[in-house]
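Model the following, please.
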Amino acid sequence: MPANKEPGSEAHPTKIRTISLEVFKARCLAIIDQVAATRRPVIITKDGKPIAKLIPIEKDELLVLTKKAKKRIKKKTTRSR
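Sure thing, here's the model as predicted:
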C-alpha cells in the first residue's frame, strides 16, 4: 500500500474517491477541506456499501442558500418582536 493512501479509502484519477465510514469519522474535517479544495466528491461507505456522497457546493448554490437563510432569519426575528 502506498504511504499516502489510508486504509479504508480508494483513489483513482478518473474515479470518485471512496472512503469507509470509519475513516470519514476519524478525518471528517480534513476530508471536507479536501473536497472543497479539489472540487472532487467523495463516496462514504459502510460495510463496503455506499451510504452517502460528499460533494462541493457550487457558488451559485451557495448564494441561493444564503438568500433563503437570510429570509428565514428575517421572518423569525420579525415574528418574535
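
Residues contacting the longest helix anywhere in the chain, please?
Using DSSP state H to define each element, the chain has its longest helix at helix 59-79. By CB atoms under 8 Å, 6 or more residues apart in numbering, the residues outside helix 59-79 that reach it are residue 57. Backbone N, C-alpha and C define where each C-beta goes, glycine included.

could you redo the last one with a cut-off of 7 Å?
Outside helix 59-79, not one residue touches it by CB atoms under 7 Å, 6 or more residues apart in numbering.

next one: it to chain centre, how far?
Distance, stretch centre to chain centre, for helix 59-79: 21 Å (CA atoms, centre = their mean, to the nearest Å).

in the sheet, who's paired with the residue nearest the centre of the chain?
Ranked by distance to the mean C-alpha position of the chain (CA atoms, centre = their mean), the top residue is residue 54 at 3.3 Å. Beta-bridge partners recorded for residue 54 (DSSP bridges): residue 42.

By mean pLDDT, point me to the weakest helix or strand of the chain.
Across the helices and strands of the chain, mean confidence by mean pLDDT, DSSP states H and E is lowest for strand 9-12: a mean of 55.

next structured bit after that strand?
Remark: after strand 9-12, the chain's next helix or strand is strand 15-20, criterion DSSP states H and E.

Put the alpha carbons of that following strand into PDB.
Presented in PDB, the C-alpha positions along strand 15-20 are these (Å, rounded to 0.1, in the frame of the first residue of the first chain):
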ATOM      1  CA  LYS A  15     -13.000   7.700 -10.300                       C
ATOM      2  CA  ILE A  16     -14.700   9.300  -7.400                       C
ATOM      3  CA  ARG A  17     -12.800   8.600  -4.200                       C
ATOM      4  CA  THR A  18     -14.500   6.200  -1.800                       C
ATOM      5  CA  ILE A  19     -13.700   6.100   1.900                       C
ATOM      6  CA  SER A  20     -15.100   3.900   4.800                       C
END
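
That concludes my questions; thank you for your assistance.
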